[in-house]
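> give the three-dimensional model of this entry:
(2 chains)
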Protein chains: 2
Amino acid sequence: MSESTTVTAALVVIGDEILSGRTQDANVAYLAKWLNEEGVQLREVRIVADDTPAIIEAVNTLRERCDYCFTTGGIGPTHDDITVDAVAGAFGVEVVYNDKALQLLRDYFGEAELTDVRKRMARVPAGGDLIRNPMSGAPGVSMENVFMLAGIPGIMRGMLEGLRGVLAGAAPMQSEAITVYAPESEMAEQLGLIQQNHPAVSIGSYPFFRNGRIGAALVARSVIAEKISPAIAAIRTAADAIGAEWTDGE
Amino acid sequence: MSESTTVTAALVVIGDEILSGRTQDANVAYLAKWLNEEGVQLREVRIVADDTPAIIEAVNTLRERCDYCFTTGGIGPTHDDITVDAVAGAFGVEVVYNDKALQLLRDYFGEAELTDVRKRMARVPAGGDLIRNPMSGAPGVSMENVFMLAGIPGIMRGMLEGLRGVLAGAAPMQSEAITVYAPESEMAEQLGLIQQNHPAVSIGSYPFFRNGRIGAALVARSVIAEKISPAIAAIRTAADAIGAEWTDGE
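Numbering: from 1, shown residues only, chains lettered A, B, ... in the order given. Just a heads-up that it's a prediction; the model follows:
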């Protein structure tokens, strides 16, 4: 794979509970880091309501646009768990019971306790497959390049472990940071020039007010590891030029 | 305003740092709650890269679809601060210097220190206005129904305080919760019926594994306050019917 290959993913968070402010999302940052370890870049996230047309629109846009599309949430047994149906709608296929999933649920709950409601968790879009859930009975579901994960962070993380090495990834993004204790506006002009001089590196400036001090974390990212240090060195030089204190890292 | 009026907002988070997993978003939940206090419902969130076409697409879709569109991030002085330019692009207008903003920056930094780079923070889309920033010199920017806020949580929150009462909101969403200590699959069928019987209420089921116990927080939401308690009462009855422990709240 050439250095310039980028493999991308998007995430659709299905979550009234996030949009209402009830729940603080904990999955975006985790998935972003996990994808990066797999050599895949998270390109866009959409948080949509528990609403079938909204999910279909987001999934259809993002599965076309990116190499992979993940969803979190809405794969349980209750009336507000509509992800599998919505993704089937996005692909224009029926929802079917998956035999392996039924067996998993049978093993987990026991035949007598495998109620119709629990069988809902064995439903997949026709042509879909399962994602192993090491934590509880109900598996995640995949459909072509769409991966439907649980919304509960612990279960989502378990499902991701099972997906290690499954995605075709490129080189993971590398990064290095330097913290400069100066208003970012004092560095802005130099940073713009440094960015121009290091086109293979993406330089982000993240200002902060921390313990009464003003500064900015400057992060240089690239899939080409050896391009990063020269950019950071240029930032150090620029910080010295304005007499600003700096520390490596952030 | 009739009970059925819904006023909606969307949020575009401009943030390579979120998509890389470097930063855990802290603004979505805060904005969601703040909007709800103003009688506005957050309908969709998109997290996009620091990329002009991506920002334009998200802003143009969401400012049409919702009554209000907020953005966070990318309004500082550095090369990666492209929000104002992108929103101007979305509206098809030029970027201009705003005199009030220049004066604010002059007051904050002093004339001698008001460099060209810092003047960048006085740029607004032509026809745009300012959002007061009680914490540091650079104001937020509004353009018709688009509100551009800082990405730093403390500054974003200050800007939102200045927007209190500015949006035309409807009745705020009310909610009540009950926690049932049983697998949600045991409640699922009854919950589906309760949802059908209480159409003015949206019932969400949020399962958890907490301190070794399995359960679900069930949240009933409605803009019509008096519709909520009967739904919660029906859930209590359903929990009793399966012999499950429950507690009010979550």
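> rest of the way, CA atoms for contacts and neighbours
OK.
> could I get the buried residue list for the helix or strand of chain A with the lowest mean pLDDT?
Lowest on mean pLDDT, DSSP states H and E among the helices and strands of chain A sits strand A:202-210, with a mean of 86. Buried residues in strand A:202-210, counted by 16 or more other CA atoms under 10 Å in any protein chain shown: A:202, A:203, A:204, A:205, A:206, A:207, A:208.
> where in chain A is pLDDT low?
A:1-4 (pLDDT under 70).
> and chain B, which of the buried residues of strand A:202-210 contact it?
With CA under 8 Å from any CA of the partner chain as the criterion, those include A:203, A:204, A:205, A:207, A:208 near chain B.
> domain-wise, how is chain A divided?
A:8-162, A:174-248 (automatic domain parsing).
> so can I have a markdown table of these showing distance to residue B:87?
A markdown table is the format used below for the domains of chain A (distance: least, CA to CA, whole Å):
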| stretch | distance to residue B:87 |
| --- | --- |
| domain A:8-162 | 18 |
| domain A:174-248 | 20 |
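> tell me which of these sits most buried.
domain A:8-162 (a mean of 20; mean count of other CA atoms under 10 Å in any protein chain shown).
> distance between the ends of it?
19 Å (CA to CA, to the nearest Å).
> can you pull the contacts of residue A:81?
Contacts for residue A:81 were tallied using CA atoms under 8 Å, 6 or more residues apart in numbering or on different chains; they are A:50, A:73, A:74, A:75.
> can you give me the strands in chain A?
In chain A, strands defined by DSSP state E lie at A:8-14, A:41-48, A:68-72, A:95-97, A:123-125, A:129-131, A:140-143, A:146-149, A:174-181, A:202-210, A:213-222, A:245-248, listed in chain order.
> angle of the first one against strand A:68-72?
What that stands for is strand A:8-14. 20 degrees (axes from the mean of the first three to the mean of the last three CA atoms, to 10 degrees).
> returning to that earlier point: now render the ones next to chain B among the buried residues of strand A:202-210 as CSV, adding distance to residue A:231.
Conversion of these to CSV gives the following (distance: CA to CA, whole Å):
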residue, distance to residue A:231
A:203, 8
A:204, 12
A:205, 13
A:207, 18
A:208, 21
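> rewinding a little: what's the least confident helix or strand of chain A packed up against?
helix A:184-197, strand A:213-222 (3 or more CA pairs under 8 Å, 6 or more residues apart in numbering or on different chains; DSSP states H and E).
> CSV please, covering those and showing distance to chain B.
Putting the helices and strands packed on strand A:202-210 into CSV (distance: least, CA to the nearest CA, whole Å) gives the following:
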stretch, distance to chain B
helix A:184-197, 5
strand A:213-222, 9
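> make TSV out of those and add distance to residue B:235.
Converted to TSV, the helices and strands packed on strand A:202-210 look like this (distance: least, CA to CA, whole Å):
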stretch	distance to residue B:235
helix A:184-197	53
strand A:213-222	49
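> of those, which is nearest residue A:54?
Nearest of these to residue A:54, taken as CA to CA: strand A:213-222 at 33.0 Å.
> that closest one: partners in the sheet, and parallel or antiparallel?
strand A:174-181 (antiparallel), strand A:202-210 (antiparallel) (DSSP bridges).
> between those strands, which one is nearest to residue B:65?
Closest among the strands paired with strand A:213-222, using CA to CA: strand A:202-210, at 30.4 Å.
> so what touches that closest one?
Contacts of strand A:202-210 (CA under 8 Å, 6+ apart): A:183-184, A:195, A:214-222, B:16-17, B:78, B:80, B:152.
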